[in-house]
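S.K.: missing the sequence, but the structure's below:
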């Protein structure tokens, strides 16, 4: 290749790519999340990266953000191919999967799904075009027990806490409470969606500004607008939030239903006062398909970073595919967002760049078979082992181990009478050892 | 949603989607492959699903098969965005990654990468548009030791054998042998690529037909064409293939170099006669970028199925990005192809549909806290546990465990004096047990 055609590749904006030592941490997180999901009996599925555009667009809203696929040199025989797009979340593919394989699944169907999703949004801090989502959802025909609404935040809390994350709160609300409360205040069905969108901004613009906008954009009375925002300050780690709402004096059937559901969830959770899970009536989720419980998780000292966990209950997401009601509830961890924050804040212990525990040296060519045999013996007992890739100077081989952070170097016998020895690179200790019994010492 | 707008989703041709019980097997394979890769000291990376089209197209050849991305509603501010395509393999992204992060990596850089790749080919039996590739590669500046060429088939052999696969052979050749042999026979630099493409078909059309095509399309003498095909019948599990080639009486420097390299690889491998790894001079790899050792793996009783494993050595795949020679060698398992064959042939033990080991029953509502506590105790010792999602009839809860194939059902005490009991669903035995000490019995 000609030297004057060097093309230095650049990162693609919005598509994160980690170095090996960062990827090792991401893998540990992926394993951890998977293990906790499975420990609650969720089973894994994986759906293709693509869905038919009709499926993706059925829920509207996000069409601007979708990547569509084109074959670079499509010919005529492709005209029958369905139009495909990359999935922008894992909930829509899950609903489609459940409907498509309905007769082969057992219900309640509890699944987890850990995959990349793609959104063609403008990249900005903490926002990516490609990122990992780690989802659990349960779908059940006709009726879905409310116990699942309580299980979701418990599982997320266990994942975050047992992996050393601190200073977060998982917040619960119920869409029916907001809807019913606004209806009870006299807002019409047309006024409510816009009001909710305005109220959703209160984190960023503050309650005063929300009142101002409700008055100016919806022509609400100042007093009514102020009443709208009174929900924001109500939160509790038990079911006492419900009485606080009732004390506001608004009466509505949907409101009562929402208060009942969220109270039951909080009763099942039966939390301690200092809990990282809370009912918080200021939470409003963006997606229209949520119809009951909704979840968000925020960092207490960085609420502006936005949610790293979100989800909720949907009445019938798969309903356009099948002649049944299929209610579901689910929650999702935005792992790429979370890790990128932790990397940026230097909060993660970056370890070594390689999984290798032991490097076996090859002193000369005719000792290679012995070295390979030693490597196999150590591997057969669960260690990660490299046999050095060429025979020769021991100093060079030790240098390789040092550079890669390989903690132990193994010396097979140099002659008939010699013994196996292993060197601890951290302190330089070198001892005799048997490849069939030696284990990595616990430090 | 209106009932007369039911849209039954269909599978998308070429994009496989497994049921939960199949996905469990795929996950076991993915874990197994990863474990063996790491046991040889390979470190994981993951690259985005997309690359700039310029990067993908730099190696030409496959442009017809590439999926390009378009934002569904791209606006003007996107005009600066690079044109993106889904990667069609993991070798091109790896070469780009190595060049881009060159200063942050340690060499020889040994990486594994397990991701989906996409090709817009016409779907047919055993061919997919989306499929898993599981790759290992080593790249080193300037010189790459030949020991890595020997390590590749060893690792693949261990993965297949230790996961119960039988009746396969991993075949090795060296591009220089074919190139040099044809050059030694007097074929010009222009004639050789077409000759190699024709020779590559001998598996499907047979040696006689290859001779016929070489004569008719390249105007070769019948005798020369016959000489071309004499390589096909040479194979050995040691380095004796080299003498067999020399006995054909063709002299050429590149040929001698290739024989020397493949001999050294076979000497390092030092195999038993009945080995599943063989030097086989009939192997020709499709991709142009291979320049030395090449690999294929075939099922002995189904050679027409094609290769489930392939790879080779490349002189300088990353050379267009950086002012250094970056030789590499790698091998790849086409996991989706392999699994789809095993599923089709019913060769895999399909297990239960859920990871749950124990279902904890909730006899009535006020026992829910106890049931949750029992669930936590069992989970904390590594078990996968579901607490039943609503209080009530025990028979219904047992039915749920049966339907899902959950092997054990746990009964927390029904009253103050009661004891915990666990029921083995396979034989109906029910015994007293302590959630803090009980373990799943080994059968």
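M.R.: Great, that's in hand. If you're wondering where the values come from, they're calculated on a predicted model, not measured in any experiment. Residues are numbered from 1 along each chain as shown, chains lettered A, B, ... in the order given.
S.K.: give me the low-pLDDT residue ranges for the stretch 51-200 of chain A?
M.R.: Segments of the stretch 51-200 of chain A classed as low confidence (criterion: pLDDT under 70) are A:59-64, A:74-81.
S.K.: Can you show me the helices along it?
M.R.: With helices called from DSSP state H, counting those that start in this stretch, the stretch 51-200 of chain A shows them at A:53-57, A:91-100, A:147-162, A:175-184, A:191-199.
S.K.: between the ones you listed, which gets nearest to residue B:93?
M.R.: With CB to CB, the closest approach to residue B:93 among the helices of the stretch 51-200 of chain A belongs to helix A:91-100: 24.1 Å. Where C-beta positions appear, they are placed from N, C-alpha and C, glycine not excepted.
S.K.: Outside of the closest one itself, list whatever touches it.
M.R.: Helix A:91-100 has contacts (CB atoms under 8 Å, 6 or more residues apart in numbering or on different chains) with A:45, A:47-48, A:51, A:55-56, A:58-59, A:87, A:105, A:109, A:111, A:113, A:135, A:137, A:139, A:289, A:314, A:317-318, A:321-322, A:326, A:328, A:330, A:332, B:8-11, B:17.
S.K.: Residue A:409 is in what secondary structure piece?
M.R.: Using DSSP states H and E, residue A:409 maps to strand A:408-411.
S.K.: And whichever helix or strand comes after that strand, what does it pack against?
M.R.: Using DSSP H and E, the helix or strand that follows strand A:408-411 in sequence is strand A:421-424. The contact analysis (3 or more CB pairs under 8 Å, 6 or more residues apart in numbering or on different chains; DSSP states H and E) places strand A:421-424 against strand A:408-411, strand A:430-432.
S.K.: and strand A:421-424, which residues are buried?
M.R.: Of all the residues in strand A:421-424, those buried under the rule 16 or more other CB atoms under 10 Å in any protein chain shown are A:422-423.
S.K.: for it, what is the average pLDDT?
M.R.: Averaged over strand A:421-424, pLDDT sits at 97.
S.K.: Name every strand pairing with it and say which way it goes.
M.R.: Paired neighbours of strand A:421-424 in the sheet (DSSP bridges): strand A:408-411 (antiparallel), strand A:430-432 (antiparallel).
S.K.: Specify the local secondary structure of the residue of the stretch 201-350 of chain A found nearest chain B.
M.R.: Using CB to the nearest CB, the closest approach of the stretch 201-350 of chain A to chain B is made by residue A:319 at 4.5 Å. Following DSSP: H, G, I helix; E, B strand; the rest coil, we place residue A:319 in the coil state.
S.K.: got it, and the one 3 residues further on?
M.R.: Look at residue A:322: counting by three-state DSSP, its state is coil.
S.K.: Now do it, the pLDDT please.
M.R.: 81.
S.K.: does it really touch residue A:102, like I thought?
M.R.: Yes - assessed by CB atoms under 8 Å, residue A:322 is found in contact with residue A:102 at 6.0 Å.
S.K.: Where does pLDDT dip in the stretch 201-350 of chain A?
M.R.: A:286-288.
S.K.: So which bits of it are right by chain B?
M.R.: Where the stretch 201-350 of chain A comes near chain B, counting by CB under 8 Å from any CB of the partner chain, the residues are A:268, A:270, A:316, A:319-323.
S.K.: Which two of those have the greatest separation?
M.R.: For these, the farthest-apart pair by CB to CB is A:270 and A:323; their separation is 38.3 Å.
S.K.: before we move on, back to that, list the contacts of the strand holding residue A:409.
M.R.: Contacts of strand A:408-411 (CB under 8 Å, 6+ apart): A:357-361, A:363, A:374, A:378, A:385, A:397-398, A:401, A:420-425, A:430, A:433, A:435, A:440.
S.K.: quick one on the thing from earlier: so if I had to pick from residue A:270 and residue A:323, which one is more boxed in?
M.R.: residue A:270 (13 against 9; other CB atoms under 10 Å in any protein chain shown).
S.K.: Please, where are all the strands along the stretch 1-150 of chain A?
M.R.: Taking DSSP state E, counting those that start in this stretch as the test, the strands found in the stretch 1-150 of chain A are A:43-44, A:50-52, A:67-71, A:84-86, A:109-118, A:130-139.
S.K.: can you give me the end-to-end distance of stretch A:73-82?
M.R.: End-to-end distance for stretch A:73-82: 16 Å, by CA to CA, to the nearest Å.
S.K.: what number of residues lie near the closest residue to residue A:149 other than its chain neighbours?
M.R.: Nearest residue to residue A:149 in three dimensions, chain neighbours excluded: residue A:293, at 4.4 Å (CB to CB, 6 or more residues apart in numbering or on different chains). Using other CB under 10 Å, residue A:293 has 27 neighbouring residues.
S.K.: Kindly provide the distance from residue A:293 to residue A:237.
M.R.: Counting by CB to CB, to the nearest Å, the gap from residue A:293 to residue A:237 is 16 Å.
S.K.: What of residue A:312?
M.R.: Distance of residue A:312 to residue A:237, given as CB to CB: 20 Å.
S.K.: OK, contacts around the residue nearest the centre of chain A?
M.R.: In chain A, the C-alpha nearest the mean C-alpha coordinate belongs to residue A:333, at 2.6 Å (CA atoms, centre = their mean). Going by CB under 8 Å, 6+ apart, residue A:333 touches A:33, A:133-135, A:156, A:159, A:308-309.
S.K.: can you give me the angle whichever strand or helix holds it makes with helix A:147-162?
M.R.: Element membership for residue A:333 (DSSP H and E) is strand A:328-334. Interaxial angle, strand A:328-334 versus helix A:147-162 (axes from the mean of the first three to the mean of the last three CA atoms, to 10 degrees): 20 degrees.
S.K.: what are the pairing partners of strand A:328-334, and which direction each?
M.R.: Applying DSSP bridges, one finds strand A:328-334 paired with strand A:130-139 (antiparallel), strand A:309-314 (antiparallel).
S.K.: mind putting the ones you listed in CSV, mean neighbour count included?
M.R.: Formatted as CSV, the strands paired with strand A:328-334 follow (neighbours: other CB atoms under 10 Å in any protein chain shown):
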stretch, mean neighbour count
strand A:130-139, 23
strand A:309-314, 26
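S.K.: of all those, which lies closest to residue B:164?
M.R.: strand A:130-139 (30.6 Å).
S.K.: does the residue nearest to residue A:316 when sequence neighbours are not counted sit in a helix, a strand or a coil?
M.R.: Closest residue to residue A:316 apart from its sequence neighbours, by CB to CB, 6+ apart: residue A:325 at 5.5 Å. Classification of residue A:325 using three-state DSSP returns coil.
S.K.: Just give me how far the longest helix along chain A sits from the chain centre.
M.R.: If you go by DSSP state H, chain A has its longest helix at helix A:20-39. Put simply, helix A:20-39 sits 10 Å off its chain's centre (CA atoms, centre = their mean, to the nearest Å).
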